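Asks: Let's see this in three dimensions:
(chains A and B)
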Amino acid sequence: MSQTNTAAAEQAKQNKAKHRRQFIKTLFSRKIAIAAFVILILMILSAFLANFIAPYNPDEISIRERTQGPSAAHWLGTDEFGRDVLSRIIYGSRVSLIVGVLAVMIACVIGTSMGMVAGFFGGVVDDVISRVAEAIRVIPQVVLAIALCSVFGGGIVNVAIILGISNMTVYIRMMRSQVLSIKERDYIMAGKLQGNSPLRLMLRHILPNSISPIIVTMTQQIGGTILAEAGLSFLGLGISVPTASWGSLVSGGRDFLLTNPVYSLAPGICIALLVICLNTLGDGVRDALDPRLRGEA
Amino acid sequence: MAHLLEVKNLVTTFRSDGKEFNAIEGVSLHLDRGEIVGIVGESGSGKSVTMLSCLQLIASPGRVAGGEVLLEGVEGNLLDHDSESETMRQVRGGRISIIFQEPMTSLNPVLTVGYQIQENLLLHNPGLSPEEARRRTVEAMKMVNIPDAESRYNYYPQQFSGGMRQRIMIAMAMAPKPDILIADEATTALDVTTQAQLLEMIRTIAKETNTAVIMITHNLGLVARYAERIYVMYGGHIVETSGCKEIFHDTQHPYTRALLRAIPRLDDPKDRILIPIDGLPPVPSQRPEYCPFYPRCEYHCERCTSHTDYSLKEVKPGHYSACCLTGQELADKEAELRGRSYKEAPERASSEELCLDVADVRKYFPVYKGLFRKKVGEVKAIEDICFTLRQGETLGVVGESGCGKTTLARCIMRMYEPDEGKIVFRGTDVAHLKDRELKPFRPKVSMIFQDPFSSLDPRQNAGSIVGESLLIHKLVKDSGEYEQRVDELFRKVGMDPALKDRVAHEFSGGQRQRIGIARALSSNPSLIICDEPISALDVSIQAQIINLLEDIQAELGISYIFIAHDLAVVKHISDRILVMYLGRVMEIAPCDELYEKPLHPYTQALLSAIPVADPLIEENREVVTVQGEVPSILKRPSGCPFHNRCPKCTDRCKTETPALHDAGNGHLVACHLC
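Replies: Model prediction:
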C-alpha cells in the first residue's frame, strides 16, 4: 500500500517536472523569443556590472570634449558637459530597469488584486473600489505623479511606487471586467459548490484564467513608465540631477537632435528594444501559461 | 427521371495544419418536388457541410473539391458557376432557402422584421412594386401563423420570442417561393412544444406549396415523425438511405442499427438496456481509408479493412447501404451478437430513508431599474415547490426552458438562498444556513453540469479538477493516498488514470462529462444533481453516460435529481418524475404511471409533442398540440399558470391556483379537473 503511495507521489513529481519542461519549450518555441530573452539578460547583466563595463565615469565632466559625435574614444559621443553617452546609458539602465519593472509590478499586484476583489464580491465592495479607481483616473497620470512626488520626494523607490499607483487603475478595470465574465462560468460554480473558499476560488480558478491580458498590458506599460520617469526627472521631481536614466538621456539630448542625433537616439533605441523584448517574452509567457496553446506549439 | 436536386459524388475538403482532409467524401443524394427528406447524423458527420457545399457557402479553409450538383432549371453543374455569380445568388434564397439553428442571432436587430422579409423578396423579384412586396410579406407572415401580421410588420426582432423569430425566419425563407427549404437543426434550440408546432407548420406549408424540405437533424425521433425519406450520415459518408419506415424497421447498416439500440425512446419499457456505441466518432483528419465506422462496429470482420469502395449498394429495392457485408452475413452476426448476454440493467435499490425533503420553496428575483436601483418588480422564478427524495432514488425533473428547473437545482445546492420554505437534507434544514455553516453540507451534494466545455477549468489538469474536493475537505491523508484516490475515480468513470495530467480541451465532450462525473463523485456525496448532463453530447455518446450514471447509482446508492427536457431520457433513468411549468410543480408521479396515465393537460401535451423514433408508432399517435408558447416568467398568468394554453380551461382555472393533491398511487397533480 505504502509502496503504491510512494510510486504515485513519484509520478506526481515527474509530472511537475514534465510540465516545467513543457512550459519552457512553449515559451521558446519561437526563435524571436530566444533572441528577446538573450537581449534582456544582456541588459540586466550590464546594469549589474556597470562598474566594470562602462569605459568612463558617467558623471565625469569634461568641458573640452562636450557635444561630440561618435568617435573611437566615445563610441556614442558625449553630451553637453562632455560626459560619455555610452557610459551614461549603461549606468542609466539601472535606474530605468528598476523604476520600469518595479512600478509596473506594484501597479499590477495592487491593481489586479483590487480588481479581482471588486469583480468577485460585487455590491458595495465593487462600488467603493470602482469609485476610488475612477477618482484616481480623473486626474491626469503625470499631474498625479507630480503631485505625489512633490509630497513624498524623489528617489528610485519613491518614483517607482508613485508611478505604480498612478498606473494601477488600468489593472483594476481590466481585472474587474475579466472576473465579471469568468465568474459566470460553470467551473467557477462547480468550484463554489465543492466548498472552495472565496480566496482559493480567486487564486486557483479565477486568476489563472484571467491573467493573459494582464501580462500583455504589463509588458507594454514598462516602456511608458520609463518615459514617465524621464518626465518627472526633467521637472526635477524624480531622480536627482547627475544620475543618468534612459528617459532623462532622451530628454537631455532633444536640444541636440539636429547636430548630434546619436545622443538622444541611442537611449531611445534602448527603451524601444527593452519594450519589444518584454513584449515578445510576455506573449511567450502568456502562451506557455495557456494549456490550450501549449499543446500545439 | 430528372430530380429537382441531384448531388453526385460531392467532395469537400478542409485544410488544417497544412494538410487537406475530406470533410465529406463522395456524397450523392437527390430530392424531388414536395418531398420531405431527413439527413441524420452526429455532429461532425458532414450533414451541414453537404448542404452548404451545394450552395457554395463553404468558407476558407474549406473548398468543394469535386462532384456535381444539378438543379432543375439551371443549365449544367451548379458548382461550375462562380460562387458570387448572378446564377448562384439567385439560387441561394430564391430557389433554395436555409433556416439555421439559432433564431436569436439570425435576425438583424436594427431592422424591422417586415423589412427583412421584404428585402429577401425584392432581391429575388426585382420587378415587384413596393405595395405588392408589402402585401406578399404580410401574406408570408400570415402563412407562418403570426397573429396580427399587419401590425407586426413594423416590429423589431427583439419584440418576438424565440419561437416567433424562428417563424419569421421561415417566412423570410418561404417568401420568394423557393423550390427547396433546408432546415438545418431549425428547431433544436426551441422548446419541445414549440418545436412540434413549427415542424407541423413546415410540413403543412411544404405540402400546400409543393416545396421540397431537407431536414438536417441529429434527432431520430423528428425524422421518424416528419421525414419521408432518410439519409443517414457518418464520418462524411452517407451510410444508408431508404424510405422512413424501412430505415427504422428493416435497418441495414450496422451504424444505424447501433444508433437505434443506443437511444432511449418514449415508448420503451422501463428496464430496457441501452447498448452504447463504444468509442468516439472519427476525427475527419484521421479517418481511415476503409469504413469510418469500422473501429466501433460490432459486426466488423477482416474483409472490412480491405474494402475501400465505400459507395452505396442497393440492398433491397430503394434501400441502399454502404456496408460491405451481405445481408446474410449481417443476419448471422446479428444472431451471434444478440445471443451474447448483455450486462443486466443494474439493480437499483432505493431505501426508505429520506434523502431530501423540499417543502414550499419559493425564490423570487427582484428586478431593479433606474439610477438608484429602485425595485420595480420581481421574477417569480419558483414557488410552492414540494417534493421528497429517498436515498438511492432518482427523481426526474422535466419542463420547458424558463420553468425554473435550474433555479430549483441551485436552491437545493444552496447557490441561492430560497426566500421561503424548507430544504431538509438528511435531517438538517439547509435552506437558510450561512455560508460557513454550509461547509459540511457541500461535499454531500454535488452537481453534474450541462455544458462539458464550460464546466471544467481550462487551466487545470484533469487530475486536479477531480481531486480538488479531496483536498478542500481533507478527505485524504497524504499525497500518495490522494493520487491513488484520483486514479480510482478515473477508473470508476471508465477513464485511463494516465490521462490525468491532460487539460480539459484535450478531451472530447463525452470524456469531459466523465471527468465532471468523477469530480461529482470525489467527495462521496449522497445526492448528485444532474443538470441536463447529456443534452450537449452526441447521440451515440449519450447512452454511455446514462449507463455509467446508472451503474454508479447501483454501486454507491446515491440519489439523483435528473433535470432534462428530453422526456425519453428522463423516463429511462428516473424512478419518479416531477413536471414543472412556469415555476410551479404540475405533477409528480412514479415513472411508468406518468407515461401511461398523465393526468395534467400540460404533461399530456408535453408527452405528445415528443416524437418517438419509430414511424409506425408515430403514424397512429394522436398528436395533441398546444397553442401558443411558454409565456415569459414576468407575465405569469393568474390562477393556474397553464390556463391560457390549456384546452380544458374553466373559469375556476383562471382565478384560483390549483394546489398539488394526491390522485392515488403516489401520483400528485396540480389541476382542478383531476
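
Asks: where in chain B is pLDDT low?
Replies: Low-confidence segments of chain B, defined by pLDDT under 70: B:1, B:270, B:339-350, B:371, B:624-625.

Asks: So which bits of chain B are right by chain A?
Replies: Counting by CB under 8 Å from any CB of the partner chain, chain B comes close to chain A at B:413, B:415, B:438-439, B:442-443, B:445-447, B:449-451, B:454-461, B:468-469, B:472-473, B:478-484, B:487, B:501, B:503-506, B:516, B:519, B:523. The way it works is simple: take the backbone N, C-alpha and C, and place the C-beta from them, glycine included.

Asks: From the residues you listed, list just the buried residues.
Replies: With burial judged by 16 or more other CB atoms under 10 Å in any protein chain shown, the buried subset of the residues of chain B next to chain A is B:413, B:442-443, B:445-447, B:449-451, B:454-461, B:468-469, B:472-473, B:480-484, B:487, B:501, B:503-504, B:506, B:516, B:519, B:523.

Asks: mind listing which of those are in strands?
Replies: Secondary structure from DSSP state E places B:445-447 of these in strands.

Asks: What residues sit buried inside stretch A:22-37?
Replies: A:22-23, A:26-29, A:33, A:36-37.

Asks: can you tell me if it touches chain B.
Replies: No: legend: contact between stretch A:22-37 and chain B by CB under 8 Å from any CB is lacking; minimum distance shown is 9.9 Å.

Asks: Contacts only, for residue 218.
Replies: All of this refers to chain A. Each residue near residue A:218 by CB atoms under 8 Å, 6 or more residues apart in numbering or on different chains is listed here: A:104, A:108, A:282.

Asks: think we crossed wires, I meant chain B
Replies: Here residue B:218 is in contact with B:40-43, B:185, B:188, B:538-539 (CB under 8 Å, 6+ apart).

Asks: If any of these are buried, put those into a PyMOL selection.
Replies: This is the PyMOL syntax for the buried subset of these, where burial follows 16+ other CB under 10 Å:
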select buried, chain B and resi 40+41+42+185+538+539
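
Asks: Narrow the contacts of residue B:218 to those in strands?
Replies: Cross-referencing those against strands under DSSP E gives residue B:40.

Asks: so can I have CSV of the contacts of residue B:218 showing distance to residue B:133?
Replies: Converted to CSV, the contacts of residue B:218 look like this (distance: CB to CB, whole Å):
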residue, distance to residue B:133
B:40, 37
B:41, 38
B:42, 41
B:43, 39
B:185, 30
B:188, 32
B:538, 43
B:539, 43
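
Asks: how far out from the middle of the chain is the helix or strand hosting residue A:52?
Replies: Assessed by DSSP states H and E, residue A:52 sits inside helix A:50-53. Relative to its parent chain, helix A:50-53 has a centroid offset of 24 Å by CA atoms, centre = their mean, to the nearest Å.

Asks: Can you list the low-confidence ranges for the stretch 1-150 of chain A?
Replies: For the stretch 1-150 of chain A (pLDDT under 70), the answer is A:1-9, A:11-12.

Asks: do that again at 90, thanks
Replies: Scanning the stretch 1-150 of chain A with the threshold set as pLDDT under 90 gives A:1-34, A:47-48, A:50-86, A:88, A:91-101, A:122-123, A:136-150.

Asks: Which stretches in it count as helices?
Replies: If DSSP state H, counting those that start in this stretch is used as the criterion, the helices of the stretch 1-150 of chain A fall at A:2-27, A:31-48, A:50-53, A:85-121, A:123-138, A:141-152.

Asks: Most neighbours out of the contacts of residue A:218, which is it?
Replies: Counting neighbours by other CB atoms under 10 Å in any protein chain shown, residue A:104 comes out on top of the contacts of residue A:218 with 27 neighbours.

Asks: surely that residue meets residue A:221?
Replies: Yes: counting by CB atoms under 8 Å, residue A:104 does reach residue A:221; the two are 5.1 Å apart.

Asks: Quickly list what's touching both of the two.
Replies: Common neighbours of residue A:104 and residue A:221 (criterion: CB under 8 Å, 6+ apart): residue A:167.

Asks: that older thread, cross the residues of chain B next to chain A against helices and list the overlap.
Replies: B:438, B:468-469, B:472, B:479-484, B:487, B:516, B:519 (DSSP state H).

Asks: Specify which member of the residues you listed is nearest to residue B:642.
Replies: Distance to residue B:642, by CB to CB, is smallest for residue B:516 among these, at 33.8 Å.

Asks: how far away is that closest one from residue A:291?
Replies: Applying CB to CB, to the nearest Å, the value for residue B:516 to residue A:291 is 17 Å.

Asks: Kindly report the same for residue B:106.
Replies: Distance from residue B:106 to residue A:291, counting by CB to CB: 33 Å.

Asks: the more surrounded of the two?
Replies: residue A:291 (21 against 16).

Asks: what's the closest non-adjacent residue to the residue in the stretch 301-450 of chain B positioned nearest to chain A?
Replies: Closest residue of the stretch 301-450 of chain B to chain A, CB to the nearest CB: residue B:442 (3.5 Å). Sequence neighbours aside, residue A:195 is the residue nearest to residue B:442 in space, at 3.5 Å (criterion: CB to CB, 6 or more residues apart in numbering or on different chains).

Asks: Taking the stretch 401-550 of chain B, what residue is nearest to chain A?
Replies: For the stretch 401-550 of chain B, the nearest residue to chain A under the criterion CB to the nearest CB is residue B:480, separated by 2.6 Å.

Asks: What helix or strand is residue 213 located in?
Replies: Since you didn't name a chain, this refers to chain A. Using DSSP H and E, residue A:213 sits within helix A:207-234.

Asks: could you do chain B instead?
Replies: Residue B:213 is part of strand B:212-217, with elements assigned from DSSP H and E.

Asks: So which elements touch the strand or helix carrying residue A:169?
Replies: Per DSSP H and E: residue A:169 is located in helix A:156-182. Judged by 3 or more CB pairs under 8 Å, 6 or more residues apart in numbering or on different chains; DSSP states H and E, helix A:156-182 is in contact with helix A:85-121, helix A:123-138, helix A:141-152, helix A:207-234.

Asks: Of the ones you listed, which stretch is the most buried?
Replies: Mean neighbour count (mean count of other CB atoms under 10 Å in any protein chain shown) peaks for helix A:85-121 among the helices and strands packed on helix A:156-182, with a mean of 23.

Asks: for that one, the distance to its chain's centre please.
Replies: The chain centroid and the centroid of helix A:85-121 are separated by 5 Å, computed with CA atoms, centre = their mean.

Asks: cool, stretch B:37-48 as well?
Replies: The answer for stretch B:37-48 is 14 Å, by CA atoms, centre = their mean.

Asks: So which bits of the stretch 101-250 of chain A are right by chain B?
Replies: The stretch 101-250 of chain A comes close to chain B at residues A:185-187, A:189-196, A:200, A:204-205, A:208-209, as judged by CB under 8 Å from any CB.

Asks: Which of those fall in strands?
Replies: In strands, judged by DSSP E, none of those are found.

Asks: Tell me the buried residues within those residues.
Replies: Buried among those (16+ other CB under 10 Å): A:185-187, A:189-196, A:204-205, A:208-209.

Asks: Which of those residues fall within helices?
Replies: Counting by DSSP H, these place A:186-187, A:189-193, A:208-209 in helices.

Asks: Quick check: the farthest pair among those residues?
Replies: Farthest apart among these by CB to CB are A:193 and A:208. That separation is 19.3 Å.

Asks: and the gap between residue B:105 and chain A?
Replies: With the distance defined as CB to the nearest CB, to the nearest Å, residue B:105 ends up 19 Å from chain A.

Asks: Which residues are in contact with the nearest residue to residue B:456 once chain neighbours are set aside?
Replies: Of all residues not flanking residue B:456 in the chain, residue B:504 sits nearest, at 4.0 Å (CB to CB, 6+ apart). Contacts for residue B:504 were tallied using CB under 8 Å, 6+ apart; they are A:291, B:453, B:456-458, B:460, B:462, B:465, B:512, B:515.
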